[in-house]
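Peer 1: no FASTA, just this:
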């Protein structure tokens with residue numbers, strides 16, 4: 001009787017589990033990395049530089065925006081720190097299916113990466129501005145990821161949101177954050193709310209703000225998916241499970257001890273399709289800007305109100321001086337008139 005109860009409880013736990021995590025540590029996690037990332041990041045800390053440096057940084061950003069962006073596929077190292085870049089095995093890259101969805105919503109296939117640095121460049125049309133989606137569907141063959149004695153077909157689904165803008169360009173017609181193509185990109189992560197009001201949004205987040213994200217499988221929201229958030233250069237991390245609508249909320253932290261004014265986050269979602277006996281791992285990197293230090297905000301506020309106070313004081317002094325001169329001039333006119341009348345015979 002006790003054995004039967006134990007079997008029933010084990011079956012209940014197994015069925016009720018929302019999703020499994022990787023039991024096979026040899027399965028890599030692939031993600032896209034934008035090369036020379038600092039050239040394209042719109043910085044919020046420019047007030048601490050002099051005007052020459054600010055002009056130089058802005059000119060560099062403008063020049064970088066006109067050129068093509070190069071991205072590589074990396075593997076998350078065993079340390080779990082996305083700052084420790086590790087190349088994905090070339091035998092997997094040769095089988096990868098690379099996709100691009102441009103700001104017009106058109107999906108195109110990119111030839112296999114054969115260059116020395118295994119990179120992909122976009123956009124082809126440098127005048128087409130907006131949000132580009134870069135995806136990679138990488139088959140890893142069959143592996144027993146859940147240690148149940150049955151091999152699953154494993155696929156890595158890496159996605160990156162790339163923003164392209166340039167002076168004199170034309171804006172794309174579509175503002176999308178998902179491929180919504182179950183065959184080409186089965187599992188993917190993206191913002192739950194399409195930021196149509198900003199066709200350049202979706203690739204960055206701010207600390208201490210709540211963001212609603214979504215996981216889709218076969219183009220539909222996926223409930224019960226496990227999502228892990230990994231940060232660069234920080235011990236902070238989080239694991240969440242999507243709700244019935246396939247959504248989850250995240251509030252990025254503010255790493256003030258980072259060497260940069262931004263930090264890279266990596267969203268990783270896993271899904272085991274037991275009917276098709278397939279296992280998917282999807283990733284989406286994003287940039288989280290660092291808030292200004294409190295002392296800098298107070299200093300800027302003090303400087304602002306000091307300038308306002310000085311300006312108001314100068315205006316008051318100028319007004320009082322002008323008023324005094326006008327009164328003196330009127331008194332002199334009255335005196336002259338009185339003197340003339342006195343001198344007349």
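Peer 2: Sure thing, it's come through. A quick note: this is a predicted structure, and the numbers were derived from the prediction, not measured.
Peer 1: Residue 213 versus residue 252, what's the distance?
Peer 2: Note on residue 252: its distance to residue 213, by C-beta to C-beta, to the nearest Å, is 11 Å. Backbone N, C-alpha and C define where each C-beta goes, glycine included.
Peer 1: next one: residue 140
Peer 2: Separation of residue 140 from residue 213 (C-beta to C-beta) stands at 25 Å.
Peer 1: Please parse the chain into its domains.
Peer 2: In the domain annotation for the chain, the residue ranges read 20-292, 296-345 (automatic domain parsing).
Peer 1: any idea which of the ones you listed is most buried?
Peer 2: domain 20-292 (a mean of 17; mean count of other C-beta atoms under 10 Å).
Peer 1: circling back: pipe the domains of the chain into CSV and attach mean pLDDT per row.
Peer 2: As requested, these are exported to CSV (pLDDT from 0 to 100):
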stretch, mean pLDDT
domain 20-292, 83
domain 296-345, 69
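Peer 1: Distance of the spatially most central residue of the chain relative to residue 31?
Peer 2: Per C-alpha atoms, centre = their mean, the C-alpha nearest to the average position across the chain is that of residue 204, at 2.4 Å. Distance, residue 204 to residue 31, using C-beta to C-beta: 16 Å.
Peer 1: Could you do residue 220 as well?
Peer 2: As judged by C-beta to C-beta, residue 220 and residue 31 stand 23 Å apart.
Peer 1: Same question for residue 175.
Peer 2: Distance of residue 175 to residue 31, given as C-beta to C-beta: 23 Å.
Peer 1: repeat for residue 312
Peer 2: Remark: distance between residue 312 and residue 31 (C-beta to C-beta) = 53 Å.
Peer 1: Same question for residue 274.
Peer 2: Distance from residue 274 to residue 31, by C-beta to C-beta: 26 Å.
Peer 1: Tell me which helix or strand comes right after the top strand by length along the chain.
Peer 2: The strand that spans the most residues within the chain, counting by DSSP state E, is strand 128-143. Per DSSP states H and E, the first helix or strand lying C-terminal to strand 128-143 is strand 152-164.
Peer 1: helices or strands up against the helix or strand in which residue 58 is found?
Peer 2: Assessed by DSSP H and E, residue 58 sits inside helix 51-66. Using 3 or more C-beta pairs under 8 Å, 6 or more residues apart in numbering; DSSP states H and E as the contact test, no helix or strand touches helix 51-66.
Peer 1: quick check: angle from it to strand 152-164?
Peer 2: 130 degrees (axes from the mean of the first three to the mean of the last three C-alpha atoms, to 10 degrees).
Peer 1: just to revisit the earlier point, secondary structure class of the closest residue to the residue nearest to the centre of the chain other than its chain neighbours, three-state.
Peer 2: Once flanking residues are discounted, residue 204 sits nearest to residue 287: 4.7 Å by C-beta to C-beta, 6 or more residues apart in numbering. Three-state assignment for residue 287 (DSSP: H, G, I helix; E, B strand; the rest coil): strand.
Peer 1: Kindly report the same for residue 313.
Peer 2: When the rule is three-state DSSP, residue 313 gets the label helix.
Peer 1: Show the contacting residues for it.
Peer 2: Listed by C-beta atoms under 8 Å, 6 or more residues apart in numbering, residue 313 has no contact partners.
Peer 1: Tell me where the stretch 101-250 of the chain has strands.
Peer 2: 107-110, 119-122, 128-143, 152-164, 170-171, 187-191, 204-205, 211-217, 220-221, 226-231, 237-241, 247-250 (DSSP state E, counting those that start in this stretch).
Peer 1: can I get these in JSON lines with distance to residue 72?
Peer 2: Putting the strands of the stretch 101-250 of the chain into JSON lines (distance: least, C-beta to C-beta, whole Å) gives the following:
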{"stretch": "strand 107-110", "distance to residue 72": "13"}
{"stretch": "strand 119-122", "distance to residue 72": "5"}
{"stretch": "strand 128-143", "distance to residue 72": "11"}
{"stretch": "strand 152-164", "distance to residue 72": "10"}
{"stretch": "strand 170-171", "distance to residue 72": "28"}
{"stretch": "strand 187-191", "distance to residue 72": "19"}
{"stretch": "strand 204-205", "distance to residue 72": "20"}
{"stretch": "strand 211-217", "distance to residue 72": "24"}
{"stretch": "strand 220-221", "distance to residue 72": "30"}
{"stretch": "strand 226-231", "distance to residue 72": "18"}
{"stretch": "strand 237-241", "distance to residue 72": "23"}
{"stretch": "strand 247-250", "distance to residue 72": "25"}
